[in-house]
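Q: any chance you could fold what I've pasted below:
(3 chains, ligands or ions: 4)
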Amino acid sequence: MRMEWEEEVHSARHVNNLVHCSYMVEKNRKLHNQFDNEASTSSIGASSSGNPIFSGVSIFVDGFTVPSSQELRGYMLTYGGNFENYFSRHRVTHIICSNLPNSKVKNLRAFSAGLPVVKPTWILDSVAARKLLSWVPYQLDQLANNQPKLSAFFTPKNSKLLEDSSNNGLCRIVADIEDSSLRFDQSKDTHSSKADEMVEFKNQSSFESDDILENTDATAIEEPSSVRGNCIEVELAEGEERNVQRELEPSHQGSATSASSRCLDDQNSKERPSSVAMGPSKQCHSTLADPNFVENYFKSSRLHFIGTWRNRYRKRFPIMSTGVNSDSSDVNASDISGRKVVIHVDMDCFFVSVVIRNHPELLDKPVAVSHSNNSKGTAEISSANYPARSYGIKAGMFVRNAKALCPNLVIFPYNFEAYEEVADQFYSILHRRCNKVQAVSCDEAYLEVTVSEGEDPELLASLIREEIFETTRCTASAGIAENMLMARIATRTAKPNGQYHITPEMVDDHLCQLPISALPGIGYVLEEKLKKQNIHTCGELRIISKDSLQKDFGMKTGEMLWSYSRGIDNRLVGVIQESKSIGAEVNWGVRFNDMEDCEHFLIDLCKEVSLRLQGCGVQGRTFTLKIKKRRKDAEEPAKYMGCGDCENMSHSMKIPLATDCVDEIQRIVKRLFGLFHIDVKDIRGIGLQVSKLEGTDASKQGMEKNFLKSWLTSGSTSMRKKNCARVHGEQNLDDTLGQASRDSGGPSVQMDSKMLNDRASSDLISTPPPLCHLDLLKQYIKVKIERDIEEIYICFRLLKR
DNA sequence: ATCCTCCCCTAC
DNA sequence: TAAGGTAGGGGAGGAT
Ligand SMILES: Nc1ccn([C@H]2C[C@H](O)[C@@H](COP(=O)(O)OP(=O)(O)OP(=O)(O)O)O2)c(=O)n1
Ligand SMILES: [Mg+2]
Ligand SMILES: [Mg+2]
Ligand SMILES: [Mg+2]
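A: Ligands and ions are numbered 1, 2, ... in the order given. The predicted model follows:
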């Protein structure tokens, strides 16, 4: 996060800012940092007026549940039931309990004395059905001896997508044991000898290994034999799962899986002998040391994982995730049936929750996820659980700073496959419960529902959270409000493992004291600027006129500040849009000694980007190369192998015909790189972005394309000329190759990007293409002629220089 | 006015 | 040792 970036010593670009650290940081443009509603609602169609569903029912909630016992208490009291804070065999009729670790089940069995032990869903479903349902199907799994799981009846067998894992305990076991894979062993060998570190570390390895490696601690494991059995099963299951994933990946080529996260590709490929003695000159985790740096880097990068998740989601939920916004049809929905309500759902400390699922003893201990447990290191915390946050630990912090705040902090490694699986389960549930889902990230989404009089969105939220917990054993929180902004803000209040409804009457009170940084869209920089105007809360922000805000921050940003501070947000919950750009960048471990190193890296980056384009089925026309250049006089980066204090530079170039072809991209990138005139030793980061995307068009690929092209090229030139003239008249030609203008130094401009077009096959085919391709043909001709003309103009321009 | 390029900012 | 990515929104300022 920002605080860690502040550790970089920034060169003063403004004379007077030496005093004020935060001012300096701000001034330095530093391092960029950083349903059918009816269907759904009718299914929950609960009346909030207390229909005495639970008359005669008296519950006792045992242990941790989702929803919480307080929420369950609310439902009981609202619907005519009774809630007991203490267990009494005489007063209690049902024990409510989520699935427990086996160790507790025995106790419970004895203690329940024959009373039904039921999952909380029973209560939610009964409220939804407006009548008391039989508790039998809701019996706690572990108590329903030898009974097949109820859910097994409902799950389609083949379910390749592993959509809803309630189908197999096996899936869970796989994930769980993966959790436990020991990945800190190297650090164990090399780590410093500090005592507390040792202790901490030992704790960790001991609990990690307990589950799979040894059964020495008999009390920790109830059924050692079954654990062993599972171990074997797991390996099989894991293999199967991999095969499934292969099948799912249509363009599975070599090791480079297009549009998939490297993080998921293969974590268990054994580590290469990376520690073979590196000369001290070679920094041993940089591009200099690893010829396959780009690929390996992405495999381990959490930010790469979350950054590429969206594209994987698009593929996995194609119908739900893509398409045009169905805006106008729903605008009037409020007239018809009820009011629109937005629910924002977000997993609690996602990366931590997933990896500590098998360690209930850690629930109330400070835990974080990071690559390294080194108390002196600069590895970043990805996510910290709530106990850890009470020490001030946050995502983005260096481990050494986190450990300084809390020496007992337990660090877990990443498990990207498990995150992916839980995210899939999460979205399967959301899409089943609601037909309007807007994905935000792997752990977060907005839902829109229309509720009629007497219906209760809070119940829907409870049901969803309950199902998420039952399926993933991770908790989620939910915010409910009239618009996306307030729903998101409500989630903050709800966390962890809660939900919160901000009704329209509550909006003003809720915002009034809220720090402006809590508003989405206000990050470090805006917060600092506003602070200087003595604005800290939304209430204070409201005092500033819209004009003034727009003058200071620009039209759109000013408008946003003005509206958000009032709880106004007109955004509609909708399907995510098709992507406008695709890119890849690396700003860690980038070190070059000579041009050869650099070129090698660039080639790999081009390959990566090309594969991502192909994986998404798009091609692009604008290519932007970004370089981070070590600032003059910049210190060594605060972060190990980091980019430190850099100057950001970029050049872009537009080509006439969209491409996804590696070779072509390499040529483009080579030219772009030349424009920088940079000493490769100063490079600390490189990125390549592609925009002006077009779907990879049938007329532009494969045999069809060649066929049409061949036919066209062999055809009469008169036709070509005629069309040329016509198109010329109606087309504006400003769409030309934007030769990066800032730097005119590159005289070596060859027309080597002169394309595809000209390397047509030399075969002459005289038969015309089938009539059904007429439209395709027309389109092709149009595009091609357009491009040809553009190129003529480009040539003309370049020659003129 | 509108577009384009080169940034910066934000969120996960 | 550690894996500081990705994409969208938007502003400033220049070209048209
Ligand atoms: N700087 C960040 C922010 C987030 N993430 C990852 C880890 C998080 O678990 C996940 C989801 O981000 P959230 O913002 O939802 O944070 P958490 O889920 O961890 O916590 P919260 O309970 O506040 O949602 O993204 C990350 O790696 N680095
Ligand atoms: Mg979260
Ligand atoms: Mg989130
Ligand atoms: Mg904010």
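
Q: quickly list what A:Glu694 is bridged to.
A: Note on A:Glu694: beta-bridge partners A:Gln619, judged by DSSP bridges.

Q: quick one: list the elements packing against the strand or helix carrying A:Gly74.
A: Following DSSP states H and E, the helix or strand that holds A:Gly74 is helix A:69-78. Packing contacts for helix A:69-78, counted by 3 or more C-beta pairs under 8 Å, 6 or more residues apart in numbering; DSSP states H and E, involve strand A:58-61, strand A:82-84, helix A:121-129. For the C-beta atoms, the positions are set from N, CA and C on the backbone; glycine is no exception.

Q: for that helix, C-alpha coordinates in CSV please.
A: Provided in CSV are the C-alpha atoms of helix A:69-78 (Å, rounded to 0.1, in the frame of the first residue of the first chain):
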residue,chain,number,x,y,z
SER,A,69,-26.3,-16.2,16.6
GLN,A,70,-27.5,-12.6,16.9
GLU,A,71,-29.0,-12.6,13.5
LEU,A,72,-30.6,-15.9,14.1
ARG,A,73,-32.0,-14.5,17.3
GLY,A,74,-33.5,-11.7,15.3
TYR,A,75,-35.3,-14.1,13.0
MET,A,76,-36.6,-16.2,15.9
LEU,A,77,-38.0,-13.3,17.8
THR,A,78,-39.5,-11.7,14.7
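
Q: which residues touch A:Tyr138?
A: Applying C-beta atoms under 8 Å, 6 or more residues apart in numbering to A:Tyr138 gives the contacts A:118-119, A:121-122, A:125.

Q: for the helix holding A:Gly74, buried residues please.
A: Within helix A:69-78, the residues scored as buried using 16 or more other C-beta atoms under 10 Å are A:69, A:71-73, A:75-76, A:78.

Q: could you do stretch A:123-134 as well?
A: Going by neighbour count (16+ other C-beta under 10 Å), the buried part of stretch A:123-134 is A:123-128, A:132-133.

Q: repeat that for stretch A:79-96.
A: For stretch A:79-96, the buried set under the neighbour-count rule, 16+ other C-beta under 10 Å, comprises A:79, A:81-84, A:92-96.

Q: go on, stretch A:649-665?
A: Under the neighbour-count rule (16+ other C-beta under 10 Å), stretch A:649-665 has A:651-660, A:662, A:664-665 buried.

Q: what about it, average pLDDT?
A: Per-residue pLDDT values across stretch A:649-665 average out to 98.

Q: that one near DNA strand C anywhere?
A: No: in this structure, stretch A:649-665 remains apart from DNA strand C according to C-beta under 7 Å from any atom of the strand; the gap is never smaller than 10.8 Å.

Q: can I get that stretch as CSV, trimmed to CA atoms?
A: C-alpha atoms of stretch A:649-665 as CSV (Å, rounded to 0.1, in the frame of the first residue of the first chain):
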residue,chain,number,x,y,z
MET,A,649,7.7,6.8,-19.5
SER,A,650,5.6,5.5,-22.3
HIS,A,651,5.4,5.5,-26.0
SER,A,652,2.5,4.2,-28.1
MET,A,653,1.9,3.4,-31.7
LYS,A,654,-1.1,2.7,-33.7
ILE,A,655,-1.0,0.1,-36.5
PRO,A,656,-3.4,0.0,-39.4
LEU,A,657,-4.7,-3.6,-39.0
ALA,A,658,-5.3,-5.2,-35.6
THR,A,659,-3.0,-8.0,-34.7
ASP,A,660,-2.3,-10.6,-32.1
CYS,A,661,0.7,-12.0,-33.9
VAL,A,662,3.8,-12.4,-31.7
ASP,A,663,6.3,-11.6,-34.5
GLU,A,664,4.5,-8.5,-35.4
ILE,A,665,4.2,-7.4,-31.8
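
Q: tell me which residue in the stretch 501-650 of chain A sits closest to ligand 3.
A: A:Pro520 (11.4 Å; C-beta to the ion).

Q: that residue is in contact with A:Arg488, isn't it?
A: Yes: A:Pro520 sits in contact with A:Arg488 when judged by C-beta atoms under 8 Å, with a separation of 6.0 Å.

Q: so between these two, which is more surrounded?
A: Neighbours per residue, other C-beta atoms under 10 Å: of A:Pro520 and A:Arg488, the larger number sits with A:Arg488, 21 against 12.

Q: where's that one relative to A:Arg571, distance?
A: Separation of A:Arg488 from A:Arg571 (C-beta to C-beta, to the nearest Å) stands at 11 Å.

Q: quick one, what contacts A:Thr557?
A: With C-beta under 8 Å, 6+ apart, A:Thr557 has these contacts: A:521, A:526, A:549-550.

Q: tell me which stretches of the stretch 601-750 of chain A form strands.
A: A:618-630, A:646-659, A:683-695 (DSSP state E, counting those that start in this stretch).

Q: can the ones you listed go into CSV with extra columns for distance to A:Glu540?
A: Listed next are the strands of the stretch 601-750 of chain A as CSV, based on distance: least, C-beta to C-beta, whole Å:
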stretch, distance to A:Glu540
strand A:618-630, 37
strand A:646-659, 33
strand A:683-695, 38
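
Q: ok, now how distant is the residue of the stretch 351-500 of chain A at minimum distance from ligand 2 from A:Arg473?
A: When distances are taken as C-beta to the ion, the stretch 351-500 of chain A reaches nearest to ligand 2 at A:Asp443, 4.4 Å away. Between A:Asp443 and A:Arg473 the distance is 14 Å, computed by C-beta to C-beta.

Q: more crowded one of those two?
A: When A:Asp443 and A:Arg473 are compared for neighbours, A:Asp443 comes out ahead with 23 against 20, by other C-beta under 10 Å.

Q: surely that one touches A:Ala423?
A: Yes: A:Asp443 is in contact with A:Ala423 according to C-beta under 8 Å; the separation is 6.7 Å.
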